[in-house]
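# next come a sequence and a model predicted from it.
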2 protein chains.
Amino acid sequence: MIDSLINKIIKMQNPSCVGLDTDFSYLPDEMKEDISTFEGAAERIIEFNMNVIDKVCDIVPAVKVQIAYYEMYGYEGLRAFNYTVNYARGRGMTVIADCKRNDIGSTAGCYSKAYLGKTALGGKTLQAFPADMLTVNGYLGYDGIKPFVDDVKANDKSIFILVKTSNPSSGELQNLRLDNGKFIYEHMGELVSEWGKDIIGKYGYSEVGAVVGATHPGEAVRLRAQMPHTFFLIPGYGAQGGSAEMLKVCFDGRGLGGIVNSSRGILCAYKKPEYSGMTYYEAARAACLDMQQDLQSAIGKFGR
Amino acid sequence: MIDSLINKIIKMQNPSCVGLDTDFSYLPDEMKEDISTFEGAAERIIEFNMNVIDKVCDIVPAVKVQIAYYEMYGYEGLRAFNYTVNYARGRGMTVIADCKRNDIGSTAGCYSKAYLGKTALGGKTLQAFPADMLTVNGYLGYDGIKPFVDDVKANDKSIFILVKTSNPSSGELQNLRLDNGKFIYEHMGELVSEWGKDIIGKYGYSEVGAVVGATHPGEAVRLRAQMPHTFFLIPGYGAQGGSAEMLKVCFDGRGLGGIVNSSRGILCAYKKPEYSGMTYYEAARAACLDMQQDLQSAIGKFGR
């Protein structure tokens, strides 16, 4: 699946994804009127997501759907998550389910079935939330990762494991030094490289990728050098303070190696003065084009 | 909420919870007949859980509902999760949502709303999955934990943060040594103590607890000494290999300080020879009583 994503990035010259962290409060006022149930909110979130997807799917290769923003609307919210995943895939977009799941082996296997695999039932196999890629937390070590890797191999999927996250206090644990002098995030990076070393695609990148925040360029430089075969999912651009200049170190000499996420910057673009007069989906498209240009200016051609 | 749980533990003389990791395949054959949709599976899982809850709620203080086993049945599975959470609370049980959620602050806030707080919608506030307690992964540091702690304080809830997990490869990261000589799990333990130090209840235990696996008694001894005010959620008893003798070190001199989870050992008890001839819910109750006795033999009176 990583080759398919990189192919799209090169074709569209756009290594970015739209983060569909669709908080109901982000919607235009007229879409929020008279809504006071999870079911109603879910319907409007689906409508919003569909319009954004329709408007950006020819210029943006992927969406990252942050499941927390759906769980807070109960199982109706999860229905909207499922609808969104399927709709985006139907429009040709790569879908990253941002769930940061983690557990012991047997339970991790259930999560893997839910997002990357299949659930057996009455002689049939069904798909719960059929994403292309999934984010995962590696605090539990390899037996909590292996079920995902197995489904990655069996079903041509990818995962991204948290290495250095974009939030301000990520260093509280991740930037502690081990007794061998390495940082914890570097050790996690080593584990991620090891776990993905035998599923490397035609561009030299593994199906087992890493989450590396745009907000920590110092760490990103070290990780890019340390992990030449690991593709980075890069959150933190825009609203969180990460810039194209800060995150360009995540990319290799060919202008490849990462995909940059922006969520609020795209979904709420219609509220910004520079996009005034546009609908939310027109503003989302315009903001995607601006982001693409910003990344191109800093990084150059993607796949040179 | 931790005081309420400890009160029940003392009253019932039973520091255990039933893990409702209800894989559809665990159900008796006659309940699985003709089921080939997520909706059908969800209905039967609800029926199974209700019967187990009805049969154990007078002798067991809590259930731990592992959400991965519901996510694999799609949003219909999440409907069963929600129903189960509400049903168990209605029967007076403390409900631990085992979700191991984690993300950056704003997103962690959505997860917290989903399980511990409320979601605002059209001037109302609604509850998505109203649990009493939630498991959380602390790899991202405090800004990913704070939203949960805020809801713990505002709504009288509790959380358990992963410190030393029960799975075989938990040591790959958790048992590395830092440059100050401490293990990562010990450092995580220190963070957990710090994060929960100002919300300590009448028994001396904080609303911010720790997950400490029954399968690692060496680490559990150190953590119990290091974290005198931290209540432990203890998975790994039974099917995973943890015994009462191994986990008794998690308890303090009063016979308090932890709650032990068993999932498959209870849900699938009806398949074991020692419970033959019983229905699945009768066998579940018998297995709970046997587990209670096992814990009492090793630990003694709870709250002495």
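Received, thanks. Numbers count the residues shown, from 1 in each chain, chains lettered A, B, ... in the order given.

# please enumerate the strands of the stretch 101-250 of chain A.
Here the stretch 101-250 of chain A has its strands, by DSSP state E, counting those that start in this stretch, at A:119-121, A:124-126, A:133-136, A:158-164, A:208-212, A:232-234.

# could you dump those into TSV and include mean pLDDT, distance to chain B and mean neighbour count?
Every C-beta, even on glycine, is put in place using the N, C-alpha and C of the backbone. Compiled in TSV, these are given as follows (pLDDT from 0 to 100; distance: least, Cβ to the nearest Cβ, whole Å; neighbours: other Cβ atoms under 10 Å in any protein chain shown):
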stretch	mean pLDDT	distance to chain B	mean neighbour count
strand A:119-121	95	5	18
strand A:124-126	95	5	13
strand A:133-136	98	9	27
strand A:158-164	98	6	28
strand A:208-212	98	10	29
strand A:232-234	98	13	28
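
# which one, of those strands, ends up nearest to B:Pro28?
Minimum separation from B:Pro28 across the strands of the stretch 101-250 of chain A (Cβ to Cβ) falls at strand A:119-121, 15.8 Å.

# nearest residue to the middle of chain A?
Nearest to the geometric centre of chain A sits A:Lys64, at 4.0 Å (Cα atoms, centre = their mean).

# quick one, what contacts that residue?
A:17-20, A:96, A:98, A:233, A:235, A:261, A:263 (Cβ atoms under 8 Å, 6 or more residues apart in numbering or on different chains).

# that one belongs to a helix?
No - read with DSSP: H, G, I helix; E, B strand; the rest coil, A:Lys64 is strand and lies in no helix.

# ok, and the closest non-adjacent residue to it?
Excluding its sequence neighbours, the residue lying closest to A:Lys64 (Cβ to Cβ, 6 or more residues apart in numbering or on different chains) is A:Ile96, at 4.3 Å.

# SS state for that neighbour?
strand.

# pLDDT below threshold where in the stretch 101-250 of chain A?
The model of the stretch 101-250 of chain A has no residue with pLDDT under 70.

# can you show me the helices along it?
A:105-115, A:146-155, A:171-174, A:184-195, A:217-226, A:244-247 (DSSP state H, counting those that start in this stretch).

# kindly report the residues of the stretch 201-304 of chain A close to chain B.
A:235, A:240 (Cβ under 8 Å from any Cβ of the partner chain).

# closest to B:Leu223 among the contacts of A:Lys64?
A:Asp98 (31.1 Å).

# next up, the contacts around the closest one.
A:19, A:64-67, A:135.

# ok, A:Cys268 next?
A:Cys268 touches A:Tyr26, counting by Cβ under 8 Å, 6+ apart.

# repeat that for 10 Å
A:23, A:25-27, A:239, A:275, A:280, A:283-284, A:287 (Cβ atoms under 10 Å, 6 or more residues apart in numbering or on different chains).

# out of those residues, which sit inside helices?
Cross-referencing these against helices under DSSP state H gives A:280, A:283-284, A:287.

# got those as CSV, with distance to A:Ile6 columns?
What follows is the ones in helices among the contacts of A:Cys268, written out as CSV (distance: Cβ to Cβ, whole Å):
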residue, distance to A:Ile6
A:Tyr280, 30
A:Ala283, 28
A:Ala284, 24
A:Ala287, 23
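
# got JSON lines for these, with pLDDT and neighbour count too?
Formatted as JSON lines, those follow (pLDDT from 0 to 100; neighbours: other Cβ atoms under 10 Å in any protein chain shown):
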{"residue": "A:Tyr280", "pLDDT": "98", "neighbour count": "22"}
{"residue": "A:Ala283", "pLDDT": "98", "neighbour count": "23"}
{"residue": "A:Ala284", "pLDDT": "98", "neighbour count": "26"}
{"residue": "A:Ala287", "pLDDT": "98", "neighbour count": "24"}
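
# what is the most widely separated pair among the residues you listed?
It's A:Tyr280 and A:Ala287 that sit farthest apart of these, by Cβ to Cβ, at 10.2 Å.

# which neighbours do the two share?
A:266-270.

# and the residues you listed as JSON lines, adding pLDDT and secondary structure?
Shown next, in JSON lines, are the shared contacts of A:Tyr280 and A:Ala287 (pLDDT from 0 to 100; DSSP: H, G, I helix; E, B strand; the rest coil):
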{"residue": "A:Ile266", "pLDDT": "97", "secondary structure": "helix"}
{"residue": "A:Leu267", "pLDDT": "98", "secondary structure": "helix"}
{"residue": "A:Cys268", "pLDDT": "97", "secondary structure": "coil"}
{"residue": "A:Ala269", "pLDDT": "98", "secondary structure": "helix"}
{"residue": "A:Tyr270", "pLDDT": "98", "secondary structure": "helix"}
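
# just the residues you listed now: which is nearest A:Ile104?
Distances from A:Ile104 to the shared contacts of A:Tyr280 and A:Ala287, taken by Cβ to Cβ, are shortest for A:Leu267, at 35.0 Å.

# tell me the spacing between that closest one and chain B.
Distance, A:Leu267 to chain B, using Cβ to the nearest Cβ, to the nearest Å: 13 Å.

# quick one: residues contacting that residue.
By Cβ under 10 Å, 6+ apart, A:Leu267 lies in contact with A:18-23, A:26-27, A:48-49, A:52, A:239, A:280-281, A:283-284, A:287.

# now with 7 Å, please.
Applying Cβ atoms under 7 Å, 6 or more residues apart in numbering or on different chains, we find A:Leu267 in contact with A:22, A:26, A:52, A:284.

# could you give the average pLDDT over stretch A:52-60?
The pLDDT scores in stretch A:52-60 average 98.

# who touches it?
A:12, A:14, A:16-18, A:63, A:87-88, A:91-93, A:267, A:281-282, A:284-285, A:288-289, A:292.

# and for stretch A:105-113?
Contacts for stretch A:105-113 (Cβ under 7 Å, 6+ apart): A:101, A:103, A:119, A:143-144, A:146-148, A:151, B:66, B:68-69, B:71-72, B:167.

# of the residues you listed, closest to B:Thr215?
B:Asn167 (7.9 Å).

# how close does that closest one sit to A:Lys146?
11 Å (Cβ to Cβ, to the nearest Å).

# more neighbours, these two?
Each of B:Asn167 and A:Lys146 has its neighbours counted (other Cβ atoms under 10 Å in any protein chain shown); B:Asn167 has more, 25 against 16.

# what sits against the more buried one?
A:104-105, A:140, A:143-144.

# for it, which non-adjacent residue is spatially closest?
Here the residue nearest B:Asn167, using Cβ to Cβ, 6+ apart, is A:Ile104, at 3.9 Å.

# for the nearest residue to A:Leu116 once chain neighbours are set aside, list the residues it contacts.
Closest residue to A:Leu116 apart from its sequence neighbours, by Cβ to Cβ, 6+ apart: A:Asp151 at 4.0 Å. If you count contacts by Cβ under 7 Å, 6+ apart, A:Asp151 has them with A:112, A:116-117, A:157.
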